[in-house]
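> I would like to see how this sequence folds:
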Amino acid sequence: MKKKNVKALKRVLRRPFEWLGVGLGVVVFSNLPRKWMIGVCDFVSAVMYRFDDKGRRRSLANLRVIYGKIKTEGIVRPVEVYNPSKAEEKIVRRSYRNMARTVGHAFWTCRNALARVKAAGEMSEAGKNFLAENKPAVTVSGHIGCWEILSQLAFLEGHKMMSVAKDIGTSGMTKLLMKARTSIGQEIVHANGAFRPLMQGLKDGKSLGLLVDQVVDTKDGGIWVKFFGHPIPVSAAPAFFSAKGKAPVVVAWSRPLKDGRYRCEVVAAYKIEDARDIRGMTQRCIFDLERVIRRHPSCWVLNYNFFRNLPDEKAKAVLN
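So this is what the prediction gives:
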């Protein structure tokens, strides 16, 4: 059987389990007290860690990229054998836990969203001040901490928020997840064709919430930057929308607290004039996220395939 056909078959076989997972998430997680929800998430993350062999091996490879233990000019593959030190294993386990808690939070806030977001997170003083002084704004983050709560907290500070979402599983499942994410009042637009509604949103005074630590093909508007010293094509949307929509940029993340809550903290802020250099601002935002990830690698989604593309000669010239 051809590789494409095998992948297609796997997607078909996976759909019932995806629906089951989302259905249970919406029904079960939204009805649990917060502490119970966190406990269930931690159990699920332990199961995921146990059985996700390739994910563990990719996580270890990405972790070693962060600390310079793996050096390459392009593709970073999962380690062949999962042989972490005690410190590395602890970080990878916590990364899985962080992912599970973030997904759990998205489902948990399907009900009584305003009250639950207030109970689950807080905005730092620097964040409050920036948001109070800049409407609209382009908020930038990555898949670190609880990325689901960032736009929710900005919404509580009086900003009408718009975010972007990609397909997850089937179209029906994507719609269900989008509905969960809009429960507090923020708008979610599909990644395909997102430019026009996002630009119109800025013109209407709405702020944007964008995640930039993921691969975006150059044909879809991605530009090559250095991420932990490795080439990766990412979205230039934050700088572009800032320049065209005349809105400042803030890079932030949600720091997990010991009690299971989150605090949104500002990493860096940029003026509209800074966005004139689209590539320069995009690289600076990526460097901002790098600093946070180096200090808190267990809060980052380590099992994502970040370093999977090779730059062409033109991109290499720009990167060098």
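> which residues make contact with stretch 125-132 from outside it?
Stretch 125-132 is contacted by residues 123, 137, 153-154, 157-159, 207, 250, 252, 264-266, 269 when judged by CB atoms under 8 Å, 6 or more residues apart in numbering. C-beta here means a position set from N, CA and C on the backbone, and glycine is covered the same way.
> Grab the two from those residues that are most spread out in space.
The span of the contacts of stretch 125-132, defined through CB to CB, is set by G158 and E265 at 18.9 Å.
> of the two, who's got more company?
Higher neighbour count among G158 and E265: E265, with 16 against 10, using other CB atoms under 10 Å.
> Name the nearest residue to the more buried one, ignoring sequence neighbours.
Leaving aside its chain neighbours, E265 sits nearest to S124 (4.9 Å; criterion: CB to CB, 6 or more residues apart in numbering).
> Check whether A243 really touches K271, as I assumed.
No: A243 is beyond contact range of K271, at 11.0 Å (criterion: CB atoms under 8 Å).
> Looking at the two, which is more packed in?
With neighbours defined as other CB under 10 Å, A243 and K271 compare such that A243 has more, 20 against 11.
> Which residues are in contact with the more buried one?
So, once contact is read as CB under 8 Å, 6+ apart, A243 ends up touching 272, 275-276, 278.
> can you check Q186 too?
Q186 sits next to 151-152, 155, 160-163, 209 when contact means CB under 8 Å, 6+ apart.
> Spatially nearest residue to it, not counting backbone neighbours?
Here the residue nearest Q186, using CB to CB, 6+ apart, is M161, at 4.0 Å.
> what's the answer for V301, then?
That would be H143: by CB to CB, 6+ apart, it lies 4.1 Å from V301.
> phi, psi of the one you found?
phi -80, psi 70 (degrees, to the nearest 10).
> what about R97, which helix or strand?
helix 86-108 (DSSP states H and E).
> Could you measure from P231 over to D312?
For P231, the distance to D312 equals 10 Å [CB to CB, to the nearest Å].
> More neighbours: those two, which one.
The residue with more neighbours, out of P231 and D312, is P231; 20 against 10, by other CB under 10 Å.
> Please report phi then psi for that one.
Taking degrees, to the nearest 10 as the convention, P231 sits at phi -70, psi 140.
> Who is it paired with across the strands?
Beta-bridge partners for P231, by DSSP bridges, are K226.
> mind listing what it touches?
73-74, 224-225, 307, 309-311, 315-316, 319.
> Also V76?
Taking CB under 8 Å, 6+ apart, we find V76 in contact with 61-62, 65, 70, 230, 306-308.
> May I ask which helix or strand encompasses it?
Judged by DSSP H and E, V76 forms part of no helix or strand.
> if we can go back for a sec, out of the contacts of A243, which is nearest to D53?
Closest to D53, out of all of these and judged by CB to CB, is I278, at 39.6 Å.
> ok so, going back, please check the contacts of A243 and keep the buried ones.
For the contacts of A243, a burial check counting by 16 or more other CB atoms under 10 Å picks out 275, 278.
> Turn the contacts of A243 into TSV, columns for secondary structure and pLDDT.
Shown next, in TSV, are the contacts of A243 (DSSP: H, G, I helix; E, B strand; the rest coil; pLDDT from 0 to 100):
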residue	secondary structure	pLDDT
I272	helix	95
A275	helix	93
R276	helix	92
I278	helix	95
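> Verify the contact between R93 and V47 for me.
No: under the criterion of CB under 8 Å, R93 makes no contact with V47, lying 11.9 Å away.
> more crowded one of the two?
Counted by other CB under 10 Å, R93 and V47 do not tie: R93 has more neighbours, with 17 against 11.
> Which residue, neighbours along the chain excluded, lies closest to that one?
Counting by CB to CB, 6+ apart, the residue nearest R93 is Y49, at 5.6 Å.
> can you pull the contacts of the most centrally placed residue in the chain?
Centroid-nearest residue in the chain, with CA atoms, centre = their mean: H143, separated by 2.7 Å. Applying CB under 8 Å, 6+ apart, we find H143 in contact with 211, 213-214, 300-301, 304.
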